[in-house]
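Colleague: compute the structure for the input listed below.
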Amino acid sequence: MTKRTIRIGNAGGYWGDDPTALRRQLAGGPLDYVSIDYLAEITMSILQKQRQADPQLGYAGDFVTQLRDCLPLALERGTRIVTNAGGINPVALGRRLIALARELGLDLKVGVVHGDDIAAQLPALLAGGERFAHMETGAPLAPHLGRVLSANVYFGAEPVVRALAEGCQVIVTGRVTDTGITLAPLIHEFGWDMADWDRMAAGVVAGHIIECGCQASGGNLTDWDDVPSYRNMGYPIVEVEADGAFTVTKHPRTGGLVSLKSVKEQLVYEMGDPACYISPDGVARFDTIQLAEAGRNRVRVWGVQGLPAPETLKVSLTIADGWKATGELLVSGPDVRRKANVIAAALWRRLEDLDSRCEATHASLVGDDAAWPPALRGAEPREILLRLGVRDHDRARVETFGVQLPALILAGPPGLAVTGGRPKPAPVVAYWPALLRREHAPARVLTLDTAGAERSWEVPFPHRGAGAPPPPRRPRRARPAPPAPGRTRRVLLRDLAYARSGDKGDTCNIGVLARSPAIYAWLLANLTAARVRAFFKGRVRGRVVRHELDNLQALNFLLEEALGGGGTVSLLIDPQGKTFAQALLQLPLEVPASLLKSR
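Modeller: The predicted structure follows:
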């Protein structure tokens with residue numbers, strides 16, 4: 001008999017999240033499943049470095065520690081766990097979990113989803129016509145083939161569904177999307193047709209909301225004073241029904257807050273075009289989502305529409321891309337800014353004199369708007385942390401930087417202090433996103449159990465969207481007229497909206513959510529892409545593109561070339577754009593006074 005509602009809890013949004021979250025989710029109340037997302041794009045680079053040092057590593061070891069504590073409770077409660085903690089070595093993790101279960105005297109069946117590692121197949125795929133063009137720059141991969149360190153296809157839910165059908169209690173995967181590990185249990189339990197694009201989209205949206213842990217339940221909320229307690233933060237739970245509607249909530253007697261604001265902020269996090277949120281399992285139209293408060297710490301979500309899955313799958317490649325190093329000096333006043341600029345200029349000139357000028361250099365005045373645009377710079381601080389960084393393909397030049405930085409202590413302005421040792425070169429593992437036709441990337445499912453049985457299957461990714469109609473035009477809802485001109489007041493954008501920002505490569509997205517329909521109408525006319533780009537002058541080198549979401553009363557801005565190359569390549573103090581939303585909310589605006597009454 002099909003269950004009417006499936007409860008799926010999240011217990012982690014990235015590798016490094018609260019290691020006690022899994023136990024708290026299991027102990028807090030009944031859950032059918034727990035999903036844990038470990039694989040941010042930067043994490044793949046870290047795991048690759050691990051496996052280079054030890055071929056038996058390359059997975060999130062924290063998950064083993066968590067299961068040592070929680071596996072007995074999970075089995076007792078009948079809660080199944082799905083996670084992409086396998087990283088770039090999921091088979092090794094699966095075997096480690098079987099060994100752990102035997103050590104604990106427990107019977108366990110583990111499903112391993114692998115086959116996403118296609119590094120060895122790259123030469124043949126390139127010869128067969130695949131270009132693996134960089135999705136941001138368009139550059140072909142072939143000239144860089146000798147520097148490729150890893151290549152992993154983003155799988156969808158389908159192989160996880162197969163592992164669940166085989167009765168696995170714990171499923172560990174490689175590069176399965178963070179939405180796929182939540183969608184798979186819904187397909188398995190409800191028997192959803194994987195060509196039912198609206199249900200696929202609903203599952204993708206549910207997964208997107210809970211994939212980042214507490215970001216959906218009060219963490220990083222703009223109106224953070226609304227959160228009753230940050231102690232014992234409750235991780236999000238979705239209660240999903242067979243038609244795809246669901247409720248976002250958390251366990252009772254936990255900290256945090258599930259509200260329209262917390263869910264909306266998470267919806268716009270790391271979003272591109274809201275009418276085309278692409279996953280391997282289908283395209284979700286975020287501009288069709290409907291939400292409403294459904295009680296204390298409960299938000300109802302419904303009406304999600306979807307489009308056919310793309311003909312291609314995304315591939316996450318990493319390539320060796322030189323070396324970088326960063327170092328810090330504490331600079332004290334007076335004249336902190338001028339001192340810091342003199343020090344940085346002296347260092348860059350010294351490197352040039354030594355024929356060691358690096359390809360990329362950056363100086364950040366941490367504590368003096370290092371992460372915010374120059375437009376917000378305030379009074380001069382009494383002290384700052386001067387953070388200096390370089391990147392180059394020649395290791396010797398980066399080593400020279402490390403030698404010369406400490407030499408400034410006794411040869412610069414007064415008031416300097418050492419904050420660390422000599423900077424050492426670190427390899428740059430650059431992220432290279434590309435696309436691959438689905439037929440070239442079948443998944444493998446391996447099942448293991450404590451009795452020693454092993455079975456394996458190949459799971460293809462057929463293209464189910466052939467002949468699909470073009471995407472419908474974006475739905476446009478009735479919009480209130482902007483307030484009539486009259487008396488005005490000078491306020492900050494924060495008074496009118498709340499926001500969240502994130503990254504995709506070198507592009508930062510900022511989702512801005514209006515505090516009322518009237519404010520949304522005013523923002524449509526006044527918060528333009530050009531205005532946002534001017535505000536971030538000096539930080540954004542590329543275009544700024546604006547998307548509108550009438551259903552959420554939100555605007556999504558994509559700031560291209562804003563993150564110094566993004567990820568592990570960037571020398572910026574905030575290479576993932578986490579601070580951009582808070583900066584934009586400080587934008588001063590002259591608004592009709594009547595607008596403020598609508599909040």
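
Colleague: now the element after the helix or strand of the chain with the lowest mean pLDDT, going C-ward?
Modeller: Within the chain, confidence by mean pLDDT, DSSP states H and E is lowest for helix 41-53 among all helices and strands, at a mean of 77. Note on helix 41-53: by DSSP states H and E, the next helix or strand toward the C-terminus is helix 61-77.

Colleague: what's around residue 458, how many residues?
Modeller: Neighbour count for residue 458, taken as other CB atoms under 10 Å: 11. (Each C-beta comes from the backbone N, C-alpha and C, glycine too.)

Colleague: for it, give me phi and psi.
Modeller: Torsion angles at residue 458 (phi, psi; degrees, to the nearest 10) stand at phi -100, psi 130.

Colleague: specify the beta-bridge partners of it.
Modeller: Residues in a beta bridge with residue 458, per DSSP bridges, are residue 444.

Colleague: so what's the nearest residue to residue 569 once chain neighbours are set aside bridging to?
Modeller: Among residues not flanking residue 569 along the chain, residue 430 sits closest, at 5.1 Å (CB to CB, 6 or more residues apart in numbering). Beta-bridge partners of residue 430, counted by DSSP bridges, are residue 319.

Colleague: what sits against residue 430?
Modeller: Applying CB atoms under 8 Å, 6 or more residues apart in numbering, we find residue 430 in contact with 318-321, 565, 567-569.

Colleague: from those, which is closest to residue 123?
Modeller: Taking CB to CB as the measure, residue 123 lies nearest residue 319 of these, at 14.7 Å.

Colleague: ok, that closest one touching residue 151?
Modeller: No. Using CB atoms under 8 Å as the test, residue 319 is too far from residue 151 to be in contact (9.4 Å).

Colleague: those two: who's more crowded?
Modeller: Neighbours per residue, other CB under 10 Å: of residue 319 and residue 151, the larger number sits with residue 151, 25 against 19.

Colleague: one step back: helices or strands next to the least confident helix or strand of the chain in the packing?
Modeller: In terms of contact count using 3 or more CB pairs under 8 Å, 6 or more residues apart in numbering; DSSP states H and E, helix 41-53 is assigned the packing partners strand 148-153, strand 312-332, strand 426-437.

Colleague: show residues contacting the next helix or strand after the shortest one.
Modeller: I take that to be strand 148-153. Counting by DSSP H and E, the next helix or strand C-terminal to strand 148-153 is helix 158-165. Residues from elsewhere that reach helix 158-165, judged by CB under 8 Å, 6+ apart: 80, 82, 111-113, 115, 171, 173, 176, 180-181, 184-185, 187-188, 194, 281, 443-445, 447, 457, 459, 461.

Colleague: again, 6 Å this time
Modeller: Outside helix 158-165, the residues within contact range by CB atoms under 6 Å, 6 or more residues apart in numbering are 111, 113, 171, 184, 187-188, 443, 445, 459.

Colleague: could you do stretch 17-28 as well?
Modeller: With contact meaning CB under 6 Å, 6+ apart, stretch 17-28 is reached by 9, 11-12, 34, 62, 66, 70, 73-74, 77, 79, 213, 235, 251.

Colleague: stretch 437-444 too?
Modeller: 113-115, 153, 155, 159, 312-313, 458-461, 463.

Colleague: which two among the residues you listed are spaced furthest apart?
Modeller: Greatest spatial distance in the contacts of stretch 437-444: 114 and 463, 21.8 Å, computed using CB to CB.

Colleague: if you count surrounding residues, which of the two has more?
Modeller: residue 114 (24 against 15).

Colleague: can you map out the strands along the stretch 201-350 of the chain?
Modeller: In the stretch 201-350 of the chain, the strands defined using DSSP state E, counting those that start in this stretch lie at 237-241, 246-249, 277-279, 282-285, 290-293, 299-302, 305-307, 312-332.

Colleague: what pLDDT does the nearest residue to residue 320 once chain neighbours are set aside get?
Modeller: Nearest residue to residue 320 in three dimensions, chain neighbours excluded: residue 147, at 4.5 Å (CB to CB, 6+ apart). Confidence at residue 147, expressed as pLDDT, is 94.

Colleague: please apply the same query to residue 475.
Modeller: 59.

Colleague: show me what contacts residue 487?
Modeller: By CB under 6 Å, 6+ apart, the neighbours of residue 487 are residue 593.

Colleague: what are the boundaries of the helices in the stretch 101-250 of the chain?
Modeller: 122-127, 158-165, 180-190, 197-210 (DSSP state H, counting those that start in this stretch).

Colleague: what are the buried residues along the third one?
Modeller: Counting neighbours by 16 or more other CB atoms under 10 Å, one finds that the buried residues in helix 180-190 are 180-190.

Colleague: wait, which of those residues is closest to residue 527?
Modeller: For the buried residues of helix 180-190, the closest approach to residue 527 (CB to CB) belongs to residue 182, at 32.5 Å.

Colleague: hmm, residue 370 is touching residue 574, no?
Modeller: No. Look at residue 370 against residue 574 with CB atoms under 6 Å: they stay out of range, at 8.0 Å.

Colleague: give me the domain ranges for the protein.
Modeller: With domains defined by automatic domain parsing, the chain comprises 5-116+154-309+442-459, 322-431, 488-598.

Colleague: possible to save those as JSON lines with distance to residue 141?
Modeller: Listed next are the domains of the chain as JSON lines, based on distance: least, CB to CB, whole Å:
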{"stretch": "domain 5-116+154-309+442-459", "distance to residue 141": "16"}
{"stretch": "domain 322-431", "distance to residue 141": "12"}
{"stretch": "domain 488-598", "distance to residue 141": "15"}
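
Colleague: which stretch among these comes nearest residue 129?
Modeller: domain 5-116+154-309+442-459 (18.3 Å).

Colleague: distance across the closest one, terminal residue to terminal residue?
Modeller: 27 Å (CA to CA, to the nearest Å).

Colleague: any idea how far residue 207 lies from residue 262?
Modeller: To residue 262, residue 207 is 16 Å away according to CB to CB, to the nearest Å.

Colleague: these two: which has the busier surroundings?
Modeller: Between residue 207 and residue 262, counted using other CB under 10 Å, residue 262 has the larger neighbour count: 31 against 27.

Colleague: would you mind measuring from the more buried one to residue 578?
Modeller: Going from residue 262 to residue 578 by CB to CB gives 16 Å.

Colleague: try residue 531
Modeller: Distance of residue 531 to residue 578, given as CB to CB: 22 Å.

Colleague: cool, and residue 399?
Modeller: Counting by CB to CB - residue 399 and residue 578 are separated by 31 Å.

Colleague: the two - which one has more neighbours?
Modeller: Shown here are residue 399 and residue 578; by other CB under 10 Å, residue 399 has more neighbours (18 against 15).

Colleague: the helices in the stretch 401-550 of the chain, which residues?
Modeller: In the stretch 401-550 of the chain, the helices defined using DSSP H, counting those that start in this stretch lie at 517-526, 529-535.

Colleague: pick the most deeply packed of those.
Modeller: Mean neighbour count (mean count of other CB atoms under 10 Å) peaks for helix 517-526 among the helices of the stretch 401-550 of the chain, with a mean of 19.
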